[in-house]
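Asks: coordinates only, sequence not included:
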C-alpha cells in the first residue's frame with residue numbers, strides 16, 4: 001500500500017480536495033490529491049481482498065495492522081522528504097502523560113472498531129473493561145463531539161493519563177498531533193467551562209494521509225457490500241464487547257453501527 005513517495009500537504013488555494021485537519025478545512029494541492037487517490041485505491045484493494053468473510057480476530061488484527069503501517073510509513077516518508085517536513089515532525093509536542101485529546105470523540109472505521117474490541121477481549125481485565133465501555137457509551141449517548149468534550153468524558157482505555165491499549169490505537173489517534181500541550185490544555189479548559197474552542201496548531205501531514213486511507217477503507221468495504229460508515233470509537237467498541245455477534249451481522253451486510261455524528 002505504497003503508491004509512491006507522498007508529497008507534503010499545504011494550505012493551498014488550488015483545486016485539490018478539502019481535507020479536515022483538526023477543526024479546520026484545508027485544500028490540498030493537486031499533486032497531493034493525486035497521491036491520496038492512488039493511496040485510496042491501493043487501500044481499497046487491500047481491504048476488499050483482506051477482509052475475512054466471517055469473524056476472525058487474527059485476520060482483522062492483520063488487516064488493521066497493515067493499515068497502521070501504511071499510515072505511519074507514509075507519514076514518516078513525508079516528514080523526511082523535506083526540511084519543512086522535518087521541522088513539522090520536530091515540532092510535535094505529544095508525549096506520554098499528555099492526554100487532553102483523550103476527552104474528544106474519536107472517529108474510526110468499522111474494521112478498526114472490531115480489531116480494537118477483539119484486542120480488548122484478550123486483556124486479563126476484559127470483563128471490567130467491557131463494563132467501563134458500556135458506562136462511558138451510555139454517558140456520551142446523544143452528545144455531539146463538542147458537547148462530549150465539554151463534559152471532559154475520558155476514553156475508557158485511559159489509565160493514569162496514558163492509553164492502556166496504545167499498540168492497538170486507531171488511525172485517528174495515530175495521526176492527531178499538536179505542537180503545544182499548553183494549547184490543548186487551554187482548549188479543553190475553555191470548552192469544559194462553557195467557553196469557545198481554542199486554536200490548536202496541528203501538523204497536517206498525518207491527518208491528510210489518514211484521509212486517503214479512510215477513503216480507501218470505505219471504498220473497499222463498499223466493494224464487499226458492507227456498511228462503510230465511520231463510527232464513534234467508544235459506542236462501536238462497547239456494542240461489540242456487549243454482543244460480538246454484531247460482527248457476524250455486519251459481515252452479512254447489515255447496517256448495525258450508528259454512523260459518526262458530524263455535528
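Replies: Nice, thanks for sending it over. It should be emphasised that the depicted structure is a prediction, and the values quoted were computed from it without experimental measurement.

Asks: list the contacts for the residue nearest to residue 216 when sequence neighbours are not counted?
Replies: In space, and not counting its chain neighbours, residue 216 is closest to residue 43: 2.8 Å by Cβ to Cβ, 6 or more residues apart in numbering. C-beta here means a position set from N, CA and C on the backbone, and glycine is covered the same way. Residue 43 sits next to 1, 67, 70, 212-213, 215-217, 219-220 when contact means Cβ atoms under 8 Å, 6 or more residues apart in numbering.

Asks: assign residue 43 to helix, strand or coil.
Replies: helix (DSSP: H, G, I helix; E, B strand; the rest coil).

Asks: gap between it and residue 77?
Replies: Taking Cβ to Cβ, to the nearest Å as the measure, residue 43 and residue 77 are separated by 16 Å.

Asks: residue closest to the middle of the protein?
Replies: residue 172 (2.1 Å; Cα atoms, centre = their mean).

Asks: quickly find the element holding that one.
Replies: Secondary structure from DSSP states H and E places residue 172 in helix 171-175.

Asks: any buried residues in that helix, and which?
Replies: 171-175 (16 or more other Cβ atoms under 10 Å).

Asks: tell me which strands and helices that helix is in contact with?
Replies: If contacts are counted by 3 or more Cβ pairs under 8 Å, 6 or more residues apart in numbering; DSSP states H and E, helix 171-175 sits against helix 57-80, strand 107-109, helix 204-223.

Asks: dump these to a markdown table, plus mean neighbour count, mean pLDDT and distance to residue 88.
Replies: Output for the helices and strands packed on helix 171-175, formatted as a markdown table (neighbours: other Cβ atoms under 10 Å; pLDDT from 0 to 100; distance: least, Cβ to Cβ, whole Å):
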| stretch | mean neighbour count | mean pLDDT | distance to residue 88 |
| --- | --- | --- | --- |
| helix 57-80 | 18 | 96 | 6 |
| strand 107-109 | 24 | 97 | 23 |
| helix 204-223 | 23 | 96 | 6 |
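
Asks: between those, which one is nearest to residue 241?
Replies: helix 57-80 (13.0 Å; Cβ to Cβ).

Asks: got the contact list for the helix or strand just after the closest one?
Replies: Downstream of helix 57-80, the next assigned helix or strand under DSSP H and E is helix 83-90. Residues outside helix 83-90 that contact it (Cβ under 8 Å, 6+ apart) are 8, 76, 78-80, 203, 205.

Asks: residue 257: which of the buried residues of helix 171-175 is nearest?
Replies: With Cβ to Cβ as the yardstick, the closest approach to residue 257 among the buried residues of helix 171-175 comes from residue 172, at 15.7 Å.

Asks: can you tell me how far that closest one sits from residue 93?
Replies: From residue 172 to residue 93 the distance is 18 Å (Cβ to Cβ).

Asks: ok, residue 51 next?
Replies: Residue 51 is 36 Å from residue 93, by Cβ to Cβ.

Asks: more crowded one of those two?
Replies: residue 51 (20 against 14; other Cβ atoms under 10 Å).

Asks: I'd guessed the more buried one sits against residue 220; true?
Replies: Yes - Residue 51 is within contact range of residue 220, at 7.1 Å (criterion: Cβ atoms under 8 Å).

Asks: let's verify residue 26: helix, strand, or coil?
Replies: strand.

Asks: and it, what are its bridge partners?
Replies: Counting by DSSP bridges, residue 26 is bridged to residue 19.

Asks: any idea how far it lies from residue 206?
Replies: Taking Cβ to Cβ, one finds residue 26 at 13 Å from residue 206.

Asks: what's around residue 122, how many residues?
Replies: 10.

Asks: for it, give me phi and psi.
Replies: With angles defined as degrees, to the nearest 10, residue 122 sits at phi -90, psi -10.

Asks: likewise residue 230?
Replies: The phi/psi pair for residue 230 (degrees, to the nearest 10) is phi -80, psi 160.

Asks: pretty sure it sits against residue 106.
Replies: No - using Cβ under 8 Å, residue 230 is not in contact with residue 106; the gap is 9.9 Å.
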